[in-house]
Structure formats: C-alpha cells, structure tokens
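Peer 1: Below are the sequence and a predicted model for it; my questions follow.
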Amino acid sequence: MSRLIFLFAIAVVIYLLVKSYHRKNPLQDKKITDDMVCCEHCGVHLPKSESVRADDHFFCSIQHRNDHLG
C-alpha cells in the first residue's frame with residue numbers, strides 16, 4: 001500500500017512540474033512565424049518584415065524597387 005501512495009506522489013510531482021514548465025514557456029506567447037510576400041520584380045519569397053514596400057507592392061531590395069518603378 002505504501003508503494004502505491006509513493007508512486008502516486010511521484011506522478012503528481014511530475015504532473016505539476018510539466019504543468020509549470022508549459023505555463024512559463026515564453027515561446028508559446030510569441031509569434032514565431034512571419035507573413036511571406038513575393039518580390040514584384042524577381043519573384044523571390046521573403047518575410048514581410050524584411051521586404052521593401054512601395055504602395056501595395058513588396059520588393060526584396062531597394063534596387064529591385066527602383067528598377068521596377070522606373
């Protein structure tokens with residue numbers, strides 16, 4: 001009987017440790033991915049945060065934006 005209580009206590013401790021780890025994990029709250037856009041000039045895909053924007057168009061570099069717009 002004491003072994004059963006001991007095993008139950010260990011299971012509860014492991015459960016509480018796993019539960020506290022998931023609660024404190026900062027990666028769950030952060031957005032890991034970024035929207036992808038396509039360069040209007042060359043067609044390469046890149047994260048929206050790294051693109052160069054002109055009007056409603058996205059470009060992979062300032063050079064491609066200048067080449068495409070004139």
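Peer 2: Structure received.

Peer 1: Which positions in the longest helix along the chain come out as buried?
Peer 2: Determined from DSSP state H, the single longest helix within the chain is helix 2-24. When burial is assessed from 16 or more other C-beta atoms under 10 Å, helix 2-24 yields no buried residues. Every residue, glycine included, has its C-beta placed from N, CA and C.

Peer 1: And for stretch 38-49?
Peer 2: Neighbour-count burial for stretch 38-49 [16+ other C-beta under 10 Å]: 39, 40, 41, 46.

Peer 1: what does that stretch rub up against?
Peer 2: With contact meaning C-beta atoms under 8 Å, 6 or more residues apart in numbering, stretch 38-49 is reached by 34-37, 51, 57-60, 64-65, 67-68.

Peer 1: hmm, back to that, what mean pLDDT does the longest helix of the chain have?
Peer 2: Averaging pLDDT along helix 2-24 gives 88.

Peer 1: In space, not sequence, find me the middle residue of this protein.
Peer 2: residue 32 (0.8 Å; C-alpha atoms, centre = their mean).

Peer 1: Tell me which helix or strand that one sits in.
Peer 2: Per DSSP states H and E: residue 32 is located in neither a helix nor a strand.

Peer 1: Give me the local confidence score for it.
Peer 2: On the pLDDT scale, residue 32 is placed at 70.

Peer 1: Could you tell me how far stretch 37-54 lies from the centre of the chain?
Peer 2: 19 Å (C-alpha atoms, centre = their mean, to the nearest Å).

Peer 1: export it as PDB, just CAs?
Peer 2: What follows is stretch 37-54 as a C-alpha-only set of coordinates in PDB (Å, rounded to 0.1, in the frame of the first residue of the first chain):
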ATOM      1  CA  VAL A  37       5.500  38.100 -49.500                       C
ATOM      2  CA  CYS A  38       6.700  37.800 -53.100                       C
ATOM      3  CA  CYS A  39       9.100  40.400 -54.700                       C
ATOM      4  CA  GLU A  40       7.200  42.100 -57.600                       C
ATOM      5  CA  HIS A  41      10.500  42.300 -59.600                       C
ATOM      6  CA  CYS A  42      12.200  38.900 -59.300                       C
ATOM      7  CA  GLY A  43       9.500  36.700 -57.600                       C
ATOM      8  CA  VAL A  44      11.600  35.600 -54.600                       C
ATOM      9  CA  HIS A  45       9.600  35.000 -51.400                       C
ATOM     10  CA  LEU A  46      10.700  36.700 -48.200                       C
ATOM     11  CA  PRO A  47       9.300  37.600 -44.800                       C
ATOM     12  CA  LYS A  48       7.100  40.700 -44.900                       C
ATOM     13  CA  SER A  49       9.200  42.300 -42.100                       C
ATOM     14  CA  GLU A  50      12.400  42.100 -44.300                       C
ATOM     15  CA  SER A  51      10.700  43.400 -47.500                       C
ATOM     16  CA  VAL A  52      10.800  46.900 -49.000                       C
ATOM     17  CA  ARG A  53       7.400  48.300 -49.700                       C
ATOM     18  CA  ALA A  54       6.200  50.700 -52.300                       C
END
